[in-house]
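S.K.: with the input below, show me the fold.
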Amino acid sequence: MCKTARRFALEALYGIQTRQSLRLSEIGRSLNEPKPLIKTEDRLSRQASRAGLDEAVRDFVIEQGAWRIGERTLLVVDGSDLAKPYAQKMEYLARVRDGSAKELANGYWLCQVAGVECGGHEIVPLVNHLWSQEAPGFRSENAEILSCVAAVARGVGRKGIWVIDRGGDRLRLYRALLRLRLQFFVRLVGNRDLIVGGKKRLTEEIAADCPLPYAETVRRQNPDGTEQVVTLEFGYQEVRLPARLEPLWLLVVKGFGEKPLMILTTVPLRKNRKVLWWAVEAYLTRWRIEDTLRFAKQSYDLEDVRVLGYQSLKNMMAMALLAMFFSMVYLGQQTKLAVLCHHALTAARRLFGIPDFRYYAIADGIRAILFGRLTAPPFDFRRQEPQDAAQLDMLDMLGLPAT
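M.R.: Residues are numbered from 1 along each chain as shown. I've put the predicted structure just below:
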């Protein structure tokens, strides 16, 4: 990116971490420049509308996070919404389903991609893409999802296993993933035809007849906070898609509800408890990724974004991705930054300790450290290849020694 774009990205990252807000006025206040706030806000607004900034930041984050993606890392695709029920002048407002209110509202759609190891807790955010079906050039929801998949695939290659919920049970997505030779776990709705034993059958019928020779007991947390012991029975059936020759496997899990959990995968399954249970855990890990979007919405107040232009909205979602990546990945990369992370967690002063999903506490701690600064640090906007320079800048920004 050019110098002015790099300056905006770093100032936005600093402001978002300091104020835990995507509002340009709050970012401007964190910079505390010796000029009227409206002038700072005007400058930030012009840069926020820069064409291509969202893609440049996304590609940068993918490049930085690619080394953490291994052959069996789960690449979770999660669709969500950005509800703006009272907005009227935002560009290309669309009708979305507000997941919080469980009703239709004005807003935008979000597609997020994050990497996580099976059963792991360390999440690597890679994509935070905003789109609207009312925007010019919009083709389809499938195209928006595949653009995110393609961006990550360009950075990590064929490493990782893609995990998608029932919204990914679409023939076009299957064709694209198979054409790119990407491995996947996709939860099925149940009304899709599959070929088993040379015959075409409904997925629900195949699942009903599937042998389930293995069982595991897990603890499930209910919405009211209580825990419930659940016995899961699971097995598999080898299948393929109609008019396709690629071998696929249907993983069937009973115990979560009235209907079995049906997962279509390219990962070869066999009659082995350990192999099958790993596949079950791989999909269940996908549910943990929902905390990632909740973290962004709460810690950085995503839905309070106030810019009006569509490109500006996309760019600010990229800035939120940058802030998430810094909090969730960058702070733990090296020993010096691990110390910084400890300072941030200590500064959070949470009432009930540090929760398992500690990213909320890290974001609160960074805000507590930065909020008291009278002025922003003197950023160096020159292109920096070694990461050490950026790390030293951030250590100085937080008032911590370099050694």
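
S.K.: tell me the pLDDT at the residue nearest to Arg244 when sequence neighbours are not counted?
M.R.: For Arg244, ignoring the flanking residues on the chain, the nearest one in space by C-beta to C-beta, 6 or more residues apart in numbering is Leu178 at 7.0 Å. (C-beta placed from N, C-alpha, C; glycine too.) As summarised for this prediction, Leu178 has a pLDDT of 95.

S.K.: what helices or strands is the helix or strand harbouring Leu178 leaning on?
M.R.: Leu178 is located in helix 171-179, with elements delineated by DSSP states H and E. Taking 3 or more C-beta pairs under 8 Å, 6 or more residues apart in numbering; DSSP states H and E as the contact definition, the neighbouring helices and strands of helix 171-179 are helix 141-156, strand 183-187.

S.K.: Tyr283 is nearest to which of those?
M.R.: Put simply, out of the helices and strands packed on helix 171-179 the one that sits nearest Tyr283 is strand 183-187, at 5.2 Å, with distance taken as C-beta to C-beta.

S.K.: please save the CA atoms from the closest one in PDB.
M.R.: Listed next in PDB are the C-alpha coordinates belonging to strand 183-187 (Å, rounded to 0.1, in the frame of the first residue of the first chain):
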ATOM      1  CA  GLN A 183     -10.700 -30.900   1.600                       C
ATOM      2  CA  PHE A 184     -13.900 -30.100   3.500                       C
ATOM      3  CA  PHE A 185     -16.500 -31.000   6.100                       C
ATOM      4  CA  VAL A 186     -20.000 -29.700   5.200                       C
ATOM      5  CA  ARG A 187     -23.100 -30.200   7.300                       C
END
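
S.K.: for it, packing partners?
M.R.: Using 3+ C-beta pairs under 8 Å, 6+ apart as the contact criterion, the elements in contact with strand 183-187 are strand 161-164, helix 171-179, strand 261-265, helix 273-286.

S.K.: just name the most buried of the ones you listed.
M.R.: Highest mean neighbour count of the helices and strands packed on strand 183-187: strand 161-164, a mean of 24 (counted as mean count of other C-beta atoms under 10 Å).

S.K.: for the protein, what helix or strand is lowest in average pLDDT?
M.R.: Within the chain, judged by mean pLDDT, DSSP states H and E, the helix or strand with the poorest mean is helix 387-397; its value is a mean of 47.

S.K.: tell me the SS of the closest residue to Val305 other than its chain neighbours?
M.R.: Leaving aside its chain neighbours, Val305 sits nearest to Leu22 (4.4 Å; criterion: C-beta to C-beta, 6+ apart). Following DSSP: H, G, I helix; E, B strand; the rest coil, the label given to Leu22 is coil.

S.K.: show the pLDDT at Leu22.
M.R.: Leu22 is assigned a predicted lDDT (pLDDT) of 93.

S.K.: right, and it touches Leu321 too?
M.R.: No - taking contact to mean C-beta atoms under 8 Å, the distance of 11.3 Å between Leu22 and Leu321 leaves them out of contact.

S.K.: buried ones in the helix or strand containing Leu75?
M.R.: When elements are defined using DSSP H and E, Leu75 is found to belong to strand 74-83. Using 16 or more other C-beta atoms under 10 Å as the test for burial, strand 74-83 gives 74-83.

S.K.: now tabulate those in JSON lines and tack on pLDDT and distance to Val189.
M.R.: Conversion of the buried residues of strand 74-83 to JSON lines gives the following (pLDDT from 0 to 100; distance: C-beta to C-beta, whole Å):
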{"residue": "Leu74", "pLDDT": "95", "distance to Val189": "21"}
{"residue": "Leu75", "pLDDT": "96", "distance to Val189": "21"}
{"residue": "Val76", "pLDDT": "94", "distance to Val189": "19"}
{"residue": "Val77", "pLDDT": "94", "distance to Val189": "16"}
{"residue": "Asp78", "pLDDT": "90", "distance to Val189": "17"}
{"residue": "Gly79", "pLDDT": "90", "distance to Val189": "15"}
{"residue": "Ser80", "pLDDT": "89", "distance to Val189": "19"}
{"residue": "Asp81", "pLDDT": "90", "distance to Val189": "20"}
{"residue": "Leu82", "pLDDT": "91", "distance to Val189": "25"}
{"residue": "Ala83", "pLDDT": "92", "distance to Val189": "25"}
